[in-house]
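Peer 1: Sequence and predicted model, in that order:
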Amino acid sequence: MRLVMTEPVEGMERPYARRWWALLVLCLSLLIIVMANTALTVAAPDMTRDLGLSSADLQWVIDGYTVPYAALMLLLGAIGDKYSRRGALVLGLVVFGGGAVFGYLADSSTTVIAARAVMGVGAALIMPATLSLLAATFPRAERAKAITLWTATAGLAIAAGPVVAGALLRDHGWSSTFLINVPIAAVAIVAAFVLVPPSKAGHHDRIDYVGGLLSVIWTGALVYMIIEGPHFGWGVKAVTAAVVAGVGLVAFVLWELRHPRPILDVRRFANRRFAGSNLAVALFFLAVFGAFYYLTQHLQFVLGYDALETGVRMLPLAGAVFVGSALTGWLTPRVGMKWTVSAGMVGGTTALALLTRVDATSTYADFLSPLIILGLAIGLALSPCTDAIMGAFPESELGVGGAVNDTSLELGGSLGIAILGSLLATSYGNHLSDATKGSGLPAGALDTAQDSVGAGYAVAQGIGDKAHQLAARAAHTSDPQQAAQLKQQADQLASGARQMADAVGSSFSDAVAHTSLIGAAVLALGTLLVAVLLPRREKAAPDVKTEEKELVDSTAD
């Protein structure tokens, strides 16, 4: 047996014998790039404290990964198609691992943001390569099953990130959440050479670099706008990004319509199955990432779980994703993707609707059913959509197909965190202002508490610390009258601290319920639109190798 797999998958007469082992490598690569985001949400409080991050710094530590990741996927997917999909995967893992080492050594907000941006570039190479290699390696009859496992891995990574980060943070600093990626990336690189066959397009003309550059400009500007506007206000930067995104998108579409070999044939979006699948992916991850953003905060701050305990309590979602994925593999061939995807989206809407019942008395048990239903919904809906998107591309454009799927995913996730996160912050601030009326809380303290649920509890903790200090002074004061006054003040402050903590918890719970209602309404409308777009019957997708061979033969003639 060869130590390094050198036979191209395109030249094999039979399906590659070790394709399921190759899938394991692809899923491992997917795992670390999804975990890189979900793990950071748990490590963020320690990072903020150690580096003295402002709220703007922390936002860009999180989103410095997202902008290059979303912007570069389409161009890098096309480059991988032309030259080497496995090469793109390995290079991406090297860049991702290098960025992780950089992040481990970082000692300032600037260096952490730069490290995250480098990791985002690596992820933009890895993500489309995993799907294109999967589609190239597996025969059409097995591809849906392989994509189901790929999707289930993404669901596992969403929940596993906080568990891994929480376990590391018990004994190590936040930088360990960067370093853990390095050995995993190293294993994936070695395994890619041993188990994943090389693959590239059987024929490929010159890459449409102008179209690729325009895609980088409009996608990057759009993601930047999504991040900047809701979080930092619609100032010059956000408005400029919006204009650049709009002009860039129009220029991209016009260029691609006229180019003989476009990097992405935008006419594909006229196909209802393709357009509906992309819309479903974007909407689903809008709901999933938005809900994950505020559920982890509620579990940590309001219910008081530490990082590891929070991660463990998110695991039912991952288990439900696997169950939902198994169900979709059985249901889709029998009832068609329209009904499977619609059922999944109805399930996602139901999960968000259940979260509208959250209040100050809610316990983890109130979150368990929504988590399980949301996981089942992810498993049901996303695998058929990804299969439909990949099936719309010939063999020469599998990397582009993977990039389109992943860009829809990333745009949806960015929108979910930006829109639902902004709604959450506004609702929380308004509820807290109402809950603390007449409390005598200084305006500066209220402004600080309204910044986030963590800041709210920090204000309550500060008031409680002052109460303890006054109580200690009262205990050591020899003057009975002064001691009584100090004790009275301490009791008042202690009562105020408890009231403040209760107000923060109830305000955030109310904000979760309100935001979930908006999210459920958006997903419900999206469900109706996707159900209209997806056709009742879909033609069997042509075998990509046969399609490509016919194209080559016709070109030769």
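Peer 2: Nice, thanks for sending it over. Numbers count the residues shown, from 1 in each chain.
Peer 1: Can you list the low-confidence ranges for the stretch 451-557 of the chain?
Peer 2: Scanning the stretch 451-557 of the chain for pLDDT under 70 picks out 537-557.
Peer 1: Quick check: which helices or strands does the top helix by length along the chain pack against?
Peer 2: Taking DSSP state H as the criterion, the chain has its longest helix at helix 480-533. Applying 3 or more C-beta pairs under 8 Å, 6 or more residues apart in numbering; DSSP states H and E, one finds that helix 480-533 contacts helix 272-297, helix 337-354, helix 421-435, helix 453-475. All C-beta atoms are positioned from the backbone trio N, CA, C, and that covers glycine.
Peer 1: contacting residues around the third one?
Peer 2: For helix 421-435, contacts defined as C-beta atoms under 8 Å, 6 or more residues apart in numbering pick out 230-231, 290, 293-294, 446, 449-450, 452-453, 456, 503-504, 506-508, 510-512, 514-515, 518.
Peer 1: residues touching the closest residue to residue 73 other than its chain neighbours, list them.
Peer 2: Spatial nearest neighbour of residue 73, excluding adjacent residues (C-beta to C-beta, 6 or more residues apart in numbering): residue 403 at 4.1 Å. By C-beta under 8 Å, 6+ apart, residue 403 lies in contact with 73, 74, 76, 77, 78, 127, 128.
Peer 1: by how many degrees do the strand or helix carrying residue 403 and helix 272-297 diverge?
Peer 2: In this structure, residue 403 is located in helix 398-415 according to DSSP states H and E. Orientation check (axes from the mean of the first three to the mean of the last three C-alpha atoms, to 10 degrees): helix 398-415 against helix 272-297 gives 40 degrees.
Peer 1: export the helices and strands packed on helix 480-533 to JSON lines and tack on distance to residue 206 and mean neighbour count?
Peer 2: Listed next are those as JSON lines, based on distance: least, C-beta to C-beta, whole Å; neighbours: other C-beta atoms under 10 Å:
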{"stretch": "helix 272-297", "distance to residue 206": "25", "mean neighbour count": "24"}
{"stretch": "helix 337-354", "distance to residue 206": "35", "mean neighbour count": "23"}
{"stretch": "helix 421-435", "distance to residue 206": "42", "mean neighbour count": "19"}
{"stretch": "helix 453-475", "distance to residue 206": "51", "mean neighbour count": "17"}
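Peer 1: related to what we said a few turns ago, against residue 277, how distant is the residue nearest to residue 73?
Peer 2: 14 Å (C-beta to C-beta, to the nearest Å).
Peer 1: returning to what we had before: could you redo the helices and strands packed on helix 480-533 as a markdown table and give each row distance to residue 487?
Peer 2: Formatted as a markdown table, those follow (distance: least, C-beta to C-beta, whole Å):
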| stretch | distance to residue 487 |
| --- | --- |
| helix 272-297 | 36 |
| helix 337-354 | 46 |
| helix 421-435 | 27 |
| helix 453-475 | 4 |
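Peer 1: right, and those helices - which one's nearest residue 208?
Peer 2: Across these, residue 208 has its closest neighbour in helix 272-297 (19.4 Å, C-beta to C-beta).
Peer 1: can you give me the offset of the closest one from its chain's centre?
Peer 2: The gap between where helix 272-297 is centred and where its chain is centred comes out at 9 Å by C-alpha atoms, centre = their mean, to the nearest Å.
Peer 1: tell me the strands in the chain, going along the chain?
Peer 2: For the chain, no strands are identified by DSSP state E.
Peer 1: Okay, now the unreliable bits of it?
Peer 2: Ranges of the chain meeting pLDDT under 70: 1-2, 55, 203-204, 439-441, 537-557.
Peer 1: try it again with 50
Peer 2: Residues of the chain meeting the criterion pLDDT under 50: 540-557.
Peer 1: okay, the angle between the helix holding residue 403 and helix 421-435?
Peer 2: 10 degrees.
Peer 1: Return the distance of residue 426 relative to residue 223.
Peer 2: Counting by C-beta to C-beta, the separation of residue 426 from residue 223 is 21 Å.
Peer 1: before we move on, what about residue 508?
Peer 2: Residue 508 sits 27 Å away from residue 223, going by C-beta to C-beta.
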